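J.: next come a sequence and a model predicted from it.
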Amino acid sequence: MLAKKSIDILSNIEEMAEVFPVEVLILKKEVKGELKDFLNALSDSQRYIIARSYFSDNKIKNKNSKELIDLLDKKIKESFLELINTMTYNQYKSIDNLSKGIKIDEISLIYLYAGFIYSYHDKNDNISYAIPNDIKKLYLENITDEMKAETIKAEIATKIFSMFFSIGLVREDLIFDDYKDFDGLFTKEEFLNEISSAVIIKEIDNKKYFWLIDIPCNDEYAINIDNRIYIKRNIKDYLDYMLTITQLIESISNILGFSYKETAPIVISKILLKERTTKEVINDFSDEFNLTKNNKKKLESIIEDEYDYIRFFEYGGNTTDEYKALKLLLEKKPKKTSLKDCLNKLSNEGVEQLRDTYYLDDEDIIEEEIISDFNDEGIDYFDDYYEIDDILSLDNEIYNGNDTITSFIINGYAYIYKDKNDIKVIIPDEIKDILYNMPLDDNEEELDDREIVELYMYFNGVIEKEELRKLLKENHNLDYTIKELDTVIKSLDLFSRKDYYSILGDAKEDDMEQMVLSSKKNFKKYKVVDYSSYDIVNMSDAFEDDLKEVLSNLTTNEEEMELISSFVMSTIYMNCYLDDALYHILDEYKIKYTNKDIKSLKNIVDQYKNDMPIWGYNGYTKKEFSSMPKEKKIGRNDPCPCWSGKKYKKCCGK
């Protein structure tokens, strides 16, 4: 029963995290004391967000501040005790440090939405965290070293399993370097003994490697192992890729008619071990398992969908493109970062690879060819200036397999070099100059200056003055001063605050404005407006008309219809719409309604809400945001891909 409650709480908290960005929970100042002191320091809207992690809107809507704080104080403490066993080791460490007064840089977002931990801006305007005294006491009374030890062991085992699906033989130091002495909670020998039923140790050239015990291992898996280069990826990346491969194994097992356990070694040896053409792989399966024509076609479809993303063991757990990029590793970091200096540090093999890429006989013209090619083709990589900024931000950072940077490296637009144990990126000066001056067509010639400003305000709701000034200059060549912008905003009947502009006129809506501004910090891309932006404006007008049409059956008061439709649309713009809001606003105006009326309103909202601009997403719609690249996630109730037989939430997903 306790476990089920914990799951329900987590589900509620995750739902609130999707609706409200974490920045809206930042306290205005540092707070010390008991949980009630922190709850008192929250604004009404902040307290509401935490309360909705636990209670329905109907449960809390008539509570005054004191009643809600009393209710939350009890519920948060109960929930903390329920969730305490699901902590990761880093979460234990974070709360350990907070309990000792040691500053931490980050904390699990779940703990902020749940009201266990609180964030605030310190004197240097950096985010800091605080734990209420009574929550700290509960933690210290209930967490033992044994619990921490089991958590570390589970995390290490998860890392071994997930890395195995990417790189095959997992070198011991890649695992244990992050857990030097296991915080003195257990020994290496004790851990190895505990996992011996699932994992074996193989020694190759005096180095130790982990391998899954259920997968046959032969000498092929160790070919050229000392020369493999491993890209530094995080555990989430490994887990997501493990999910992709386990789904691939499951799909192929259905075609072969074998169990998952029987199919896994087959897929690993025929697909993951080394790169071959898809035709060779499919024929290999077909010949060995005598596939029917229909099953061969199914297998071909499955493999071709995934093959470009396969990380081959022989390549050190890298895709074909990543492997090509790594072959262009510079022999030494150049002192200067011109294209010529980078090319001079390429190995002979690397120079040959670039010559082949550009079909050149003369290596002396490689530099000229790369610049010419990037001038012609570089623009195709980007839809807006923020994507360019994203790539520029990777200069001198660790190479992690980013698709665009990988393509840049293969084409000679970027380079990589060894910096101790890391591989870092260099974007040559000439390429950066082209990126800084790249002309992206935004269609703004069809808009006048005031229209552009008005569209940015419509898509953003609230925006910092300096941010709007930069958007206008960088994307539309409009060089306003803040004073000039103030005048334009006033002429549009919009509102100028101290540091930002707003379309929300009521001074009482300061909380809402601050919530929007906070959420924007979590999403740095801004949607660049052009003439086609009016399509969304017109759709919003249609949305409002449709809402009013249904409301006209419930009230004849035009002002009420206007206020209710504006309220509903505002909750969507602010990304905080919940179906409860419809009941709440109709009750507030004492309007009688039936379930059929609510259903009609919900249908209209559902029809439009994913195509409306979200202010916290800087003008992008929910549909656009959802279509941005995201990694696959393992569901909490899905079977764990490590073959333990447990659900993911009870195993690697703890």
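T.: It's in.
J.: and residue 28, how far from residue 73?
T.: In this view, residue 28 and residue 73 are 20 Å apart by Cβ to Cβ, to the nearest Å. (C-beta placed from N, C-alpha, C; glycine too.)
J.: out of those two, which sits in the more crowded spot?
T.: The neighbour count for residue 28 versus residue 73, taken as other Cβ atoms under 10 Å, is higher for residue 73 (18 against 12).
J.: phi, psi for the more buried one please.
T.: phi -60, psi -50 (degrees, to the nearest 10).
J.: also residue 582?
T.: Backbone geometry at residue 582, expressed as degrees, to the nearest 10, gives phi -60, psi -50.
J.: need the pLDDT of it.
T.: At residue 582, the model reports a pLDDT of 85.
J.: spatially nearest residue to it (excluding sequence neighbours)?
T.: If the residues on either side of it in the chain are set aside, residue 582 comes closest to residue 601, at 5.4 Å by Cβ to Cβ, 6 or more residues apart in numbering.
J.: helix or strand: which one has that neighbour?
T.: In this assignment (DSSP states H and E), residue 601 forms part of helix 595-608.
J.: what about dumping the CA coordinates of that helix to PDB?
T.: Only the C-alpha atoms of helix 595-608 are listed here, as PDB (Å, rounded to 0.1, in the frame of the first residue of the first chain):
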ATOM      1  CA  ASN A 595     -21.600  17.900 -18.000                       C
ATOM      2  CA  LYS A 596     -22.500  18.400 -21.600                       C
ATOM      3  CA  ASP A 597     -21.500  22.100 -21.500                       C
ATOM      4  CA  ILE A 598     -18.200  21.200 -19.900                       C
ATOM      5  CA  LYS A 599     -17.600  18.600 -22.500                       C
ATOM      6  CA  SER A 600     -18.300  21.100 -25.300                       C
ATOM      7  CA  LEU A 601     -15.800  23.600 -23.700                       C
ATOM      8  CA  LYS A 602     -13.200  20.900 -23.300                       C
ATOM      9  CA  ASN A 603     -13.600  19.800 -26.900                       C
ATOM     10  CA  ILE A 604     -12.900  23.300 -28.100                       C
ATOM     11  CA  VAL A 605      -9.900  23.700 -25.800                       C
ATOM     12  CA  ASP A 606      -8.500  20.300 -27.000                       C
ATOM     13  CA  GLN A 607      -8.900  21.400 -30.600                       C
ATOM     14  CA  TYR A 608      -6.800  24.500 -30.200                       C
END
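J.: return the distance of that helix from the chain's centre.
T.: 31 Å (Cα atoms, centre = their mean, to the nearest Å).
J.: same deal with stretch 486-503?
T.: Relative to the centre of its chain, stretch 486-503 is centred 33 Å away, using Cα atoms, centre = their mean.
J.: buried set for it?
T.: Using 16 or more other Cβ atoms under 10 Å as the test for burial, stretch 486-503 gives 488-489, 494-496, 500-503.
J.: hmm, who's touching the helix holding residue 601?
T.: Contacts with helix 595-608, where a contact means Cβ atoms under 8 Å, 6 or more residues apart in numbering, come from 539-540, 542-543, 546-547, 550-551, 553-554, 568, 572, 577, 579, 582-583.
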